[in-house]
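Engineer: below are the sequence and a predicted model for it; my questions follow.
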Amino acid sequence: MRVLVISDTHIPLRANTLPRVIYDQIEKVDMIIHAGDFTSPDVYYELRSLKPTKAVYGNMDDPRLLDILREVETFEIEGIRVGLFHGLGPPVGLEERVLQKLSNYGEFDLIIYGHSHRASYRVKDGVHILNPGSPTDTVFASRRTYAIVEIEKGKLKVHIENID
């Protein structure tokens, strides 16, 4: 299973459309995960029309998305338990707030969040913690990014990719 993970697309505020590389990756993946801040519902509907999509709303999303999406999603992909939450508050302490929020929803193998626009990945106590950054915006980061998660036989491989 190959999964494209993105967040903080902020369309049309930060870009008119997703970068070409994201569409190229969509052709190669089985699923899309978006960690919120689509801004426009159109982006959510477009992604969902292209591949199965899991998503949560972010703090900058159009109110219509709040009627469709949840704040937190929990699900499994081939036996891997995933917790998905956009995040909140300032960048300092963001990961800790995400982990605290998701601790109310059980245990996870993979936690995905966004909000900071800065890509990061680490493994803490056996839990993979991923922020894919933003594929469209560098206002809080030095580069535009996305992530690919590969799941095979219960094992995770995570790759953060730069755009440009």
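Structural biologist: That came through, no problem. Numbering: from 1, shown residues only.
Engineer: you'd agree Val43 is in a strand?
Structural biologist: No - using DSSP: H, G, I helix; E, B strand; the rest coil, the assignment for Val43 is helix, not a strand.
Engineer: tell me the contacts of it?
Structural biologist: Residues counted as contacts of Val43 (Cβ atoms under 8 Å, 6 or more residues apart in numbering) are 9, 11, 18. C-betas here are computed from N, CA, C, even on glycine.
Engineer: neighbour count and pLDDT added to these, as TSV?
Structural biologist: Formatted as TSV, the contacts of Val43 follow (neighbours: other Cβ atoms under 10 Å; pLDDT from 0 to 100):
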residue	neighbour count	pLDDT
Thr9	30	97
Ile11	18	94
Leu18	19	96
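Engineer: CSV for these, including secondary structure?
Structural biologist: CSV is the format used below for those (three-state DSSP):
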residue, secondary structure
Thr9, coil
Ile11, strand
Leu18, coil
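Engineer: can you lay out those as TSV showing distance to Glu95?
Structural biologist: Shown next, in TSV, are the contacts of Val43 (distance: Cβ to Cβ, whole Å):
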residue	distance to Glu95
Thr9	21
Ile11	25
Leu18	25
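Engineer: ok, these vs His34, which is closest?
Structural biologist: Thr9 (7.3 Å; Cβ to Cβ).
Engineer: quick one: residues contacting that closest one.
Structural biologist: Thr9 sits next to 15, 18, 34, 37-39, 43, 134-136 when contact means Cβ under 8 Å, 6+ apart.
Engineer: tell me which of the residues you listed is nearest to Leu156?
Structural biologist: Ranked by distance to Leu156 (Cβ to Cβ), the contacts of Thr9 are led by His34 at 18.5 Å.
Engineer: look up the closest residue to the closest one, ignoring the ones flanking it.
Structural biologist: By the measure of Cβ to Cβ, 6 or more residues apart in numbering, the closest residue to His34 outside its immediate chain neighbours is Ala55, 4.1 Å from it.
Engineer: what do you get for Leu13?
Structural biologist: Closest to Leu13 by Cβ to Cβ, 6+ apart is Thr39, at 5.3 Å.
Engineer: quick check: that neighbour touching His10?
Structural biologist: Yes - using Cβ atoms under 8 Å, Thr39 makes contact with His10 at a distance of 4.8 Å.
Engineer: and the pLDDT for Trp50?
Structural biologist: Trp isn't right for residue 50; it's Leu. You'll see Leu50 listed with a pLDDT of 98.
Engineer: what's near enough to touch Glu76?
Structural biologist: Val82.
Engineer: now Gly114
Structural biologist: By Cβ under 8 Å, 6+ apart, the residues touching Gly114 are 7-8, 35-37, 58, 86-87, 131-134.
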